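[1] attaching a predicted model along with its sequence, questions to come.
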Amino acid sequence: MLSPVKIGFITTYSSIYTEHANNIVNGLFAGLCKDIYTQKDYQFIPEYVGQGREADVKQAVQKLLNFHNVDIVMGYISYKVIPELIPLFESRQKLAFFFDMGEYLPSITYTSPYIFHSSYQLWQSEYALGYWAHKNFGDKGAVIMPPYDGGYHLASSFRRGAVAAGSELMDFHILSFNQNDPHTLRMEVLLNNIENEPPSYLHALFSGPQATEFIKAFYERGLDQKVPLLLSEPMCFPDILKNINGYPMSFYSCSQWTREMAGELNQSFVSIVEGQTGRQADVFSLLGFEAGMTLKEMEPAMQRRDWKKVMEHLQTDKKRGPRGEINFYPKSGFLLPDVDIVKMNVSGTKTNTVVVGQGKRLTFDDINFREIHEESVSGWQNPYMCI
């Protein structure tokens, strides 16, 4: 009898998406066509890494590889820790398969034939939205965000998109930060400035409850009648939209995937995940499902521990998943996701979404992103949306 494949799973903390790790695993087994409760082909060994600091992730990986001797390491991590992890996997010739929302551009330099990613590529959405915003609303737009969300490549990607469309002037408003009270938004001064000197549009980047707080404050000041509002894609996830019921307003955003998206494969994915778990399919179960789809083809090789064949497959594999064509190896160039530019109209408990354009996209190593790769330095380590 073959022994189960041992998967070491890095688990991060999130006060906003508390079930994100469970949802990734649920999606993974749905993609593998396994019943998570009865399957015996895989053994999971979790390691908790808090907010995903570099030292914590590195220590967890060392423990999984050297003490537990796992076959694969998986988990939701930041690209910022990859340089420290590459020597660990290459020296042991072990496979890593990570998940991320795309809060950072993948590194051009730090790639490895042992490390693969199921990425949502949020930076693509931001670039596309910035390009569209300038084309439709003109120059002198503005971006508003708290320091946390300003620590990633999302605002920079939005700006690069606007610049590519011809923008020469953009304001960046970053809220003040009180270390003793980090979750309280102090928006009064910045909203006054926006009201007194309205930009051609305002792009907001907020996470979790702060996203809801900002949207309500924007509406209550009557700014929705003065300034076109553009929200980041996560600000339009269902957990946020349900909290702004009763705020009749319109805004723009971008979308790579929704639970309701047409297509037989997406409908099948949603049905399987929700039927197995009783939970609504979300972006995290989507990332897990995509990984499961490609690993499913390699199950015989994994059972034989033929990891060379598995990694060769992952380096070239392309899949049609619920959101379209995907692949998993940065060095071969992530496939460009479809990005819809949408207008969302909130009325009562309903939100009506209309596609108003198709987003322009670029590969992460495109020359337009050189400035971000070379000059955008951030101290943030914890994954996006995990505050």
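    Happy to help now that I have it.
[2] what ranges does the stretch 151-300 of the chain have for its strands?
    170-174, 202-204, 229-231, 249-255 (DSSP state E, counting those that start in this stretch).
[3] remind me which residues of this structure are low pLDDT?
    1, 179, 182-183, 376-387 (pLDDT under 70).
[4] wait, what's in contact with Tyr236?
    Just to correct that, residue 236 is Cys rather than Tyr. Shown in contact with Cys236 (C-beta atoms under 8 Å, 6 or more residues apart in numbering): 253, 255, 342, 344. (Each C-beta comes from the backbone N, C-alpha and C, glycine too.)
[5] how about Val339?
    124-125, 128, 254-256, 358-359, 361.
[6] now with 6 Å?
    Contact analysis of Val339 by C-beta atoms under 6 Å, 6 or more residues apart in numbering lists 124-125, 128, 254, 256, 359.
[7] now the residue sitting nearest the centre point of the chain: how far from Ala55?
    By C-alpha atoms, centre = their mean, the mean C-alpha position of the chain lies nearest to Met101, the distance being 1.5 Å. Distance from Met101 to Ala55, counting by C-beta to C-beta, to the nearest Å: 22 Å.
[8] just to be sure, Val342 is in a helix?
    No: assessed with DSSP: H, G, I helix; E, B strand; the rest coil, Val342 is strand; it does not lie in a helix.
[9] burial measure for Met187, as a count.
    The tally of other residues near Met187 (other C-beta atoms under 10 Å) stands at 20.
[10] which one is it nearest to, not counting chain neighbours?
    Ala217 (5.6 Å; C-beta to C-beta, 6 or more residues apart in numbering).
[11] okay, now the one you found: neighbour count?
    14.
[12] I'd like the strands of the stretch 151-300 of the chain as JSON lines, with mean neighbour count appended.
    JSON lines is the format used below for these (neighbours: other C-beta atoms under 10 Å):
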{"stretch": "strand 170-174", "mean neighbour count": "17"}
{"stretch": "strand 202-204", "mean neighbour count": "25"}
{"stretch": "strand 229-231", "mean neighbour count": "25"}
{"stretch": "strand 249-255", "mean neighbour count": "20"}
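[13] with respect to Ile86, which of those lies nearest?
    Taking C-beta to C-beta, strand 249-255 is the member of those nearest to Ile86, at 31.7 Å.
[14] just the CA coordinates for that closest one, please, in CSV.
    What follows is strand 249-255, C-alpha atoms only, in CSV (Å, rounded to 0.1, in the frame of the first residue of the first chain):
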residue,chain,number,x,y,z
MET,A,249,-24.5,54.8,-4.9
SER,A,250,-22.5,53.9,-8.0
PHE,A,251,-18.8,53.2,-8.4
TYR,A,252,-16.4,51.5,-10.7
SER,A,253,-14.1,48.6,-10.2
CYS,A,254,-12.4,45.7,-11.9
SER,A,255,-13.1,42.0,-11.8
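[15] report the two of the contacts of Cys236 separated the most.
    The most distant members of the contacts of Cys236, if one measures by C-beta to C-beta, are Ser255 and Met344, lying 9.3 Å apart.
[16] how about the helices of the stretch 151-300 of the chain, start to end?
    Using DSSP state H, counting those that start in this stretch, the helices of the stretch 151-300 of the chain run over 154-164, 188-196, 208-220, 238-241, 264-277, 283-296, 299-303.
[17] residues in contact with Leu336?
    Arg361.
[18] so it, which state does it fall into?
    coil.
[19] next one: Tyr110
    Applying three-state DSSP: Tyr110 is coil.
[20] go ahead and confirm it touches Pro83.
    Yes: the pair Tyr110 and Pro83 passes the contact test of C-beta atoms under 6 Å, sitting 4.6 Å apart.
[21] looking at those two, which is more packed in?
    Counted by other C-beta under 10 Å, Tyr110 and Pro83 do not tie: Tyr110 has more neighbours, with 16 against 13.
[22] state the distance from that one to Tyr17.
    Taken as C-beta to C-beta, the span from Tyr110 to Tyr17 is 26 Å.
[23] okay then, goodbye and thanks.
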